[in-house]
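In: Coordinates for the following, if possible.
(2 chains)
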2 protein chains.
Amino acid sequence: MSKRLVVIGGVAAGMSAAAKAKRTDPELEVIAFEKSHYVSYGACGLPYYLAGWIDDVEKLVARTPEKFKQQGVTALVRHEVVEVDYEGRRVKVANLNEGREFWQPFDHLVISTGARPLLPRIDGIHQPGVFTLRQLEDGQALLSALHRSRRAVIVGAGYVGLEVAEAFRARGKQVTIVELAERVMPAADPEVSAIVREELSRNGVQVVTGTEVESFTGLSRVQAVQTSAFEIPADLVLLATGIRPNVKLATSIGVQTGPTGAIAVDEQLRTNLEGVWAAGDVAESTHLITGNPYWMPLGDVANKHGRTAGTVIGGGRASFKGVVGSSITKIFDLAVALTGLGESAAKEAGFDAKSVWIKSADRAHYYPEPHPFYVKLVYEAASGRLLGAQMVGHRNDALRIDVIAALLHRGGTIEDLRALDLAYAPPFSPVWDPLLVAANQAR
Amino acid sequence: MSKRLVVIGGVAAGMSAAAKAKRTDPELEVIAFEKSHYVSYGACGLPYYLAGWIDDVEKLVARTPEKFKQQGVTALVRHEVVEVDYEGRRVKVANLNEGREFWQPFDHLVISTGARPLLPRIDGIHQPGVFTLRQLEDGQALLSALHRSRRAVIVGAGYVGLEVAEAFRARGKQVTIVELAERVMPAADPEVSAIVREELSRNGVQVVTGTEVESFTGLSRVQAVQTSAFEIPADLVLLATGIRPNVKLATSIGVQTGPTGAIAVDEQLRTNLEGVWAAGDVAESTHLITGNPYWMPLGDVANKHGRTAGTVIGGGRASFKGVVGSSITKIFDLAVALTGLGESAAKEAGFDAKSVWIKSADRAHYYPEPHPFYVKLVYEAASGRLLGAQMVGHRNDALRIDVIAALLHRGGTIEDLRALDLAYAPPFSPVWDPLLVAANQAR
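Out: Residues are numbered from 1 along each chain as shown, chains lettered A, B, ... in the order given. Have a look, this model is predicted:
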């Protein structure tokens, strides 16, 4: 008799695992349960939906349940797994549309329950007009409120907060970002934060850093954001203060989490329980620079997790070694890209880290419409081993980050970078590529 | 007493060597002789000057003789070195402005005499209206003629021919490219050539391949290009049929050339003669995939050659290990990028080469204004070792080629590529980066 795979959570990792397992072993029965209305969607597209650049939230869906059906994968939306009976190899599923529950047996279980917004302790956080942004439904609700709003406050200047700030400005709204840390994009080094902050100002986003929100006030709905020093009028608030992995269901059956709080997995995405995998935002990865567990809740990592788990469950061979921490984000006309460790993160991790920061350009000095291109390289003082890089460029130029990512995977040094034969033509790069300029200046 | 460095040819490699030698050893006397009117220019910018995107050819000059003077480097234009007396450690220099010659002693000699257009044996090649494009003066003469022309024929569909075709179209001219090979951009694999050809057609460039030019005919100046099959009316012809290294001066004193016809050098750019360096388009590099000498006459390589030679001459330590053959070129809205070996080149080099060719996109499926992105990977069948890659994208996306270049430098495999943590966000990449899609499909 054929085996059955049950997947809990049908977004990126879950549906990747489901589809890949079925392709690898066509005999496998595959059922995925998703509590929201949608499976297989790109939540990272929500800011662009809010901006009005994508007219229908359903366009963020990569594959519908009908498409999965054609591939032999059952994907049930509005079905929440509320309990796992690990000994009995079954899960209890609540059909949210019909209000009934049933038990679903499994042989293999993938836990891909994702992450949820972290809600800081702020008075008035639950009143109308205060939003989070995680699922497609969140985006729909926020957009609907946005149309009726004039003044928006975003709490948190990380990726989501910054991307949504741009979206709100694209809708012509007044936008203020309030950030607890001393600078925007605290995941980047201060040089990068400073450039991002300028770009925000240039595009009419008010930025307040080093400031804690004390409460949200209003009568029937939010009307102001209160800090210790002042009040910001607001008819809409987005909380973009981070996320946490949804590990509760997993830990309820004894699945172990790691130091990051997400589920600990091996290179095949196996948990400590036989037959139970974890993938996507709920699971850890290994950071290949530090060798430590690292939580990287991003869509591309989730897809890799899912594909790896699915292959292994289907009887194939695959492994996911880890991440180096690469990311890129669009902030108005800028692209900001990071990989590896920032300078302070590298020092905290015990490296004797040095850095170089250069300003170059995205094309030959004579080619029209040049834009600045900034590169920071972080490296080990004695060996020259690269530890990380940060870049700010115009649009896709910042994909240069991937060159450093490739070197980081293989323990590359400043000397290795300096020797690279990078492609050159005047529309694409100065004759000395910005990466080589940085490498040449590293001492 | 301080030593003296004489540099023959003051464009990219020569002036890089001169400046770097002086910076490394401020005691060194440095004199560069350049026979044209300009030093330190980016000839690779000439197509964009022809297109009208750069209004003054002098903008292609990175540093003037006056700037070099401030750095303590003497750069003399319109000075041609016509003879080298190696035993006597001196060169004979013709001052082309004043029509007189003098001897200039040296301790170190850098030969950076560059390359010249290869003129095929075609009847009527020397008549007015037939141009080549190599130096800034060539660009000025061609542009002047272009303004009086309506119908241009470009012989040769390599980088220069294609870039100039775009420039001529930007000026509203009728353009026909005639290429001897069966396809345009013969340095790329056929899949890439086909896409380039479509882009040329879409932009109104006539393309004739597999066709040999037999003669240029006309009365007082060129009026038509004759092939065995037909005649193409033309009032302007650009010969873009390749270049050859200017080795004559070097070989006259016994400097050895390698199998490519360019000067053989070691990792410090030394020739076989003590005290004599060669750098830039006149010198070979090592191809790091094949291990063989390779001629790569491009501006970025020339700058690296010059910097390395200059450092060594100044008493510093530097080496240039070689190239992997990276290049990129803009063809209207496309960017075409190559690195390593093409599929047939890999087979010719003795590799048991396989390849994968995929069509992906430059952003998430839902993000507005997507463009196709094509990737070809060439790799060794048994080991999966990467041998090369070719990409076609929209504008700067094709800088992704540099990720493969980085892997090629370190003997990376398809498996290494598959494991890379590449930066993802919807405006920049699908959730599976095109490079990963290609790697996942490689068998």
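
In: list the buried ones in stretch A:136-143?
Out: A:136, A:138-140, A:142-143 (16 or more other C-beta atoms under 10 Å in any protein chain shown). (Glycine included, C-beta is placed from N, CA and C.)

In: what about it, near chain B?
Out: No - Stretch A:136-143 lies out of reach of chain B by C-beta under 8 Å from any C-beta of the partner chain, never closer than 11.5 Å.

In: Using PDB, write out every CA atom in that stretch.
Out: Extracted as PDB, the C-alpha positions of stretch A:136-143 are listed here (Å, rounded to 0.1, in the frame of the first residue of the first chain):
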ATOM      1  CA  LEU A 136      -2.800  37.500   1.900                       C
ATOM      2  CA  GLU A 137      -5.900  38.200   3.900                       C
ATOM      3  CA  ASP A 138      -3.800  40.700   6.000                       C
ATOM      4  CA  GLY A 139      -2.900  42.500   2.800                       C
ATOM      5  CA  GLN A 140      -6.500  42.700   1.700                       C
ATOM      6  CA  ALA A 141      -7.700  44.100   5.100                       C
ATOM      7  CA  LEU A 142      -4.800  46.600   5.200                       C
ATOM      8  CA  LEU A 143      -5.400  47.800   1.700                       C
END
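
In: Give me the contacts around it.
Out: Residues outside stretch A:136-143 that contact it (C-beta atoms under 8 Å, 6 or more residues apart in numbering or on different chains): A:36-38, A:41, A:43, A:46, A:49-50, A:57-58, A:60-61, A:131-133, A:236, A:238.

In: Please flag which of these sit within strands.
Out: Those of the contacts of stretch A:136-143 mapping onto strands are A:131, A:236, A:238, per DSSP state E.

In: Excluding chain neighbours, what is closest to the second one?
Out: Yep, that's residue A:236 we're talking about. Leaving aside its chain neighbours, residue A:236 sits nearest to residue A:149 (3.9 Å; criterion: C-beta to C-beta, 6 or more residues apart in numbering or on different chains).

In: tell me how far the helix or strand containing residue A:81 is from the chain's mean position?
Out: Using DSSP states H and E, residue A:81 sits in strand A:79-85. Mean-position distance between strand A:79-85 and its chain equals 25 Å (C-alpha atoms, centre = their mean, to the nearest Å).

In: what's the answer for stretch A:264-281, then?
Out: Here stretch A:264-281 is found 20 Å from its chain centre; the criterion is C-alpha atoms, centre = their mean.

In: Pull out the buried positions in it.
Out: Counting neighbours by 16+ other C-beta under 10 Å, one finds that the buried residues in stretch A:264-281 are A:264-265, A:269-271, A:273, A:276-281.

In: Return the residues of the stretch 201-350 of chain A in contact with chain B.
Out: Looking at chain B, the residues of the stretch 201-350 of chain A close enough under C-beta under 8 Å from any C-beta are A:288, A:298-301, A:303, A:320-330, A:335, A:337-339.

In: separation between residue A:287 and residue A:408?
Out: 10 Å (C-beta to C-beta, to the nearest Å).

In: Okay, now the unreliable bits of chain A?
Out: Residue ranges of chain A with pLDDT under 70: A:1.

In: can you give me the helices for it?
Out: A:12-24, A:46-51, A:65-70, A:136-147, A:159-170, A:190-202, A:248-252, A:299-313, A:343-348, A:401-409, A:414-418, A:434-441 (DSSP state H).

In: got CSV for those, with distance to residue B:175 too?
Out: Converted to CSV, those look like this (distance: least, C-beta to C-beta, whole Å):
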stretch, distance to residue B:175
helix A:12-24, 47
helix A:46-51, 39
helix A:65-70, 46
helix A:136-147, 48
helix A:159-170, 40
helix A:190-202, 40
helix A:248-252, 64
helix A:299-313, 42
helix A:343-348, 51
helix A:401-409, 35
helix A:414-418, 40
helix A:434-441, 34
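
In: Pull the contacting residues for the closest residue to residue A:204 other than its chain neighbours.
Out: The shortest distance from residue A:204 to any residue other than its chain neighbours is 5.9 Å, reached at residue A:169 (C-beta to C-beta, 6+ apart). By C-beta under 8 Å, 6+ apart, the contact set of residue A:169 is A:175, A:203-205.
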